[in-house]
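> Need a 3D model of the sequence below.
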Amino acid sequence: MDWLYASLIGYFFGSIPTAWLLCKIFYGINIFEHGSKNMGSTNVYRTVGGKAFAANLAIDVLKGMVPVLISAKLWPTHPEVVFAAAACAMIGHTLSFWVKFKGGKGVATGLGVFIALSGYHAIYALAVFLVVLLITRMVSVSSMTAATALPFLLWYGNVLGDYTIYITVFAAVIALFVIYKHKSNILRIIKGTESKLPLFAPKTEKENNQNTN
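Predicted coordinates:
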C-alpha cells in the first residue's frame, strides 16, 4: 500500500492549481480564458506579468519537489514508491481535480521532481533549457529539448548506481509525456506560428488591450 499513499501525496501536491489561484485571487481573472488558455508559467507571464510568473514558477517547482522529498523520507529503501509520488505529482499538475482535470504541461513541476531526485542533473537540464531559449526564444522548444536531454544526462552520470536504469527510464517516460503535452505547440512550430518570448519584459495582455483602445 506504500505506493498508493505516495501516489496520493504526489497527486495532492501536484494538483494544486497555482496559476488559476494566483490569477483569480490577485488579478480577478480565469487563466483558462486568457492567452494560450493554459495553466503554465509562460501563459501567466504573458497574461499578467513577471511577478505572478515568478511566484507561479517557484510554487510549481515546489509541487514537484515536496512530495518526492516526503516520500523519500518516509520510504528511503523503496525508490519505486518515490517514483510513484513523482509521477503522480506530474499527473496532478496536468490533470488537476480542482479545475475539472485541466492543468499545465508539467515542465516546472517536472523540474522540481528531478531537483529532488537528482539535483545536479536537473540543473544541467535547466542549463540546456536556457541555452535553447536564448537561441530560439520559444519556451516550448526549450522545454522539449531539456526534457529529452535529461535521460541522457542521468544515464551518463550513473547517478544512482544500480538504480540508474530506473531513473533514466522514468525520465524518458516523463520526456515523452512533456512532448505529448506540447503537441499543439509542435503543430504551430511546423507552421511557423509558435509564439516567441520578447527579448525584454513583455507587455501583459491587459496593457496590450489598453494600447489598442
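> helices and strands around the strand or helix carrying P151, which ones?
Assessed by DSSP states H and E, P151 sits inside helix 139-157. For helix 139-157, the packing partners by 3 or more CB pairs under 8 Å, 6 or more residues apart in numbering; DSSP states H and E come out as helix 107-117, helix 119-136, helix 164-181, helix 183-191. Just so you know, the C-beta spots here come from the backbone N, C-alpha and C atoms, and that holds for glycine as well.
> In terms of secondary structure, what does the longest helix anywhere in the chain contact?
Ranked by residue count and defined by DSSP state H, the top helix of the chain is helix 50-74. The contact analysis (3+ CB pairs under 8 Å, 6+ apart) places helix 50-74 against helix 2-14, helix 18-27, helix 41-48, helix 79-94, helix 107-117.
> Just want the angle from it to helix 2-14.
On the basis of axes from the mean of the first three to the mean of the last three CA atoms, to 10 degrees, helix 50-74 is oriented at 170 degrees to helix 2-14.
> Between helix 107-117 and helix 50-74, find me the angle.
Using the same axes, to 10 degrees: helix 50-74 against helix 107-117 is 40 degrees.
> What residues sit buried inside helix 50-74?
By 16 or more other CB atoms under 10 Å, the buried positions in helix 50-74 come out as 52-53, 55-57, 59-72.
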